[in-house]
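Student: structure of the sequence below:
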Amino acid sequence: MADFENAYAKVNLFLEIVRKREDGYHDIGTLFQTIGLCDRLEGESREDGEIVFECDRPATERPEQDLVHKAATALRNRAGNRRLGATLRLEKRLPSGAGLGGGSADAAAALRLLNRVWNLGLPASELEKVGASLGADVPFLVRGGTALAEGIGDRLEAAPPPPECAVLVVTPEASVPTAKAYAGVRPAGAQRWEDFKALWRKGNLSPRMVGHLLHNGFEPGVFGQWPEIAECAAELRETGALGVLLSGSGASVFALYPTEDEARKALSGLASPRRFEGVTRFVSARAL
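Tutor: Modelled structure (predicted):
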């Protein structure tokens, strides 16, 4: 019998590139937050030990190269049982290369789903360890909710949730390769991140204050290289949003509003070309 998991997207309410490391990667400071826009993953066990992956969106790679398939293989290896098999079907709604963590969310959903389908009973902490081998965002997306993250985004600390807001997400037609986005940034040091982290930990922030605190160190470089993303953000600011920010390294931009009606009104007036849009709310962490 098939089971399913929603693979919730994320936005970054704060993102600072702190320093460049000797291994070529960057240390960041970020506040992750899951939102209600999602892909849907269905799955059921197989008795032949095969992992079969299907997606309703035309594939650009072999099934075994998809993060969902890789997540299933990694979890089976963790369980130490090569006889475990599954059929996994992904309904892809989120855009790719958009700074919303779509592929990582799919991988995290596969870990949660197969943990149940295969009756492994692994705690979330073990699923996060498996997820760390698949991508920096996967450990956070195993549970989702709100988390402060450091390192390459893999050192997580549960954090107070933001106040209730409506979230409008718009993805311009541009696509931003992560490596190219990082090539356009200048590390800013840790001070702004440390100040933000201390303030957020106290909690009880108003929606308007959250709007003022939004920050993403990728914005100057991304906006300079992809002016259509900058134009989309500028148009959103003119709608009277509480705050507007690039999510991750782009290309998506999100805006916060007090109510969903205000967010939908803003969306209806946008002229910027886009390949994805949605109005949603913040999603809390899943209990595993």
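Student: surely residue 222 meets residue 250?
Tutor: Yes. Using C-beta atoms under 8 Å, residue 222 is in contact with residue 250, at 4.7 Å. Quick note: C-beta positions are derived from backbone N, CA and C, even for glycine.
Student: measure how buried the nearest residue in space to residue 10 that is not next to it in sequence is and give me the count.
Tutor: Once flanking residues are discounted, residue 10 sits nearest to residue 101: 4.3 Å by C-beta to C-beta, 6 or more residues apart in numbering. Neighbour count of residue 101, defined by other C-beta atoms under 10 Å: 30.
Student: same question for the one 5 residues further on.
Tutor: For residue 106, the count of nearby residues is 26 (other C-beta under 10 Å).
Student: quick one, phi/psi of it?
Tutor: When quoted as degrees, to the nearest 10, the phi and psi of residue 106 stand at phi -60, psi -40.
Student: with residue 24 instead?
Tutor: Phi and psi for residue 24, reported as degrees, to the nearest 10, are phi 100, psi -20.
Student: mutual contacts of residue 222 and residue 250, please.
Tutor: 176, 181, 229 (C-beta atoms under 8 Å, 6 or more residues apart in numbering).
Student: show me what residue 256 bridges to in the sheet.
Tutor: Beta-bridge partners recorded for residue 256 (DSSP bridges): residue 167, residue 243.
Student: let me see the domain layout of this protein.
Tutor: Listed domain ranges for the chain are 3-158, 166-281 (source: automatic domain parsing).
Student: can you pull out the low-pLDDT segments for the stretch 1-150 of the chain?
Tutor: Along the stretch 1-150 of the chain, the model assigns pLDDT under 70 to residues 59-60.
Student: show me where it has its helices.
Tutor: Secondary structure of the stretch 1-150 of the chain by DSSP state H, counting those that start in this stretch: the helices cover 67-79, 102-117, 124-132, 138-143.
Student: can you list these in JSON lines and add distance to residue 188?
Tutor: Listed next are those as JSON lines, based on distance: least, C-beta to C-beta, whole Å:
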{"stretch": "helix 67-79", "distance to residue 188": "30"}
{"stretch": "helix 102-117", "distance to residue 188": "24"}
{"stretch": "helix 124-132", "distance to residue 188": "25"}
{"stretch": "helix 138-143", "distance to residue 188": "22"}
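Student: go through these and name the closest to residue 2.
Tutor: For residue 2, the closest of these is helix 102-117, at 8.9 Å, according to C-beta to C-beta.
Student: buried set for that closest one?
Tutor: Across helix 102-117, burial judged by 16 or more other C-beta atoms under 10 Å covers 102-115, 117.
Student: from those residues, which is closest to residue 134?
Tutor: residue 107 (5.0 Å).
Student: quick one: that closest one and residue 69 touch, right?
Tutor: No. Contact between residue 107 and residue 69 fails when scored by C-beta under 8 Å: they sit 9.3 Å apart.
Student: quick one: residue 210 from residue 31, how far?
Tutor: Residue 210 sits 10 Å away from residue 31, going by C-beta to C-beta, to the nearest Å.
Student: what do those two both touch?
Tutor: Joint contacts of residue 210 and residue 31 (C-beta under 8 Å, 6+ apart) are residue 13.
Student: could you dump the lengthiest strand in the chain to CSV, C-alpha only?
Tutor: Counting residues, the longest strand in the chain under DSSP state E turns out to be strand 26-46. Extracted in CSV, the C-alpha atoms of strand 26-46 (Å, rounded to 0.1, in the frame of the first residue of the first chain):
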residue,chain,number,x,y,z
HIS,A,26,32.1,29.1,2.4
ASP,A,27,31.0,29.3,6.0
ILE,A,28,27.6,30.9,6.2
GLY,A,29,25.2,32.0,8.9
THR,A,30,21.5,31.5,8.0
LEU,A,31,18.0,31.2,9.3
PHE,A,32,16.1,28.4,7.5
GLN,A,33,12.3,28.3,7.4
THR,A,34,10.1,25.8,5.7
ILE,A,35,7.0,27.1,3.9
GLY,A,36,3.8,25.4,2.6
LEU,A,37,4.8,25.1,-1.1
CYS,A,38,5.8,21.5,-1.8
ASP,A,39,6.5,18.6,-4.0
ARG,A,40,4.6,15.3,-3.2
LEU,A,41,6.4,12.0,-3.0
GLU,A,42,4.6,8.6,-3.0
GLY,A,43,6.2,5.3,-2.2
GLU,A,44,5.7,1.7,-1.5
SER,A,45,8.0,-1.2,-0.7
ARG,A,46,9.1,-3.8,-3.2
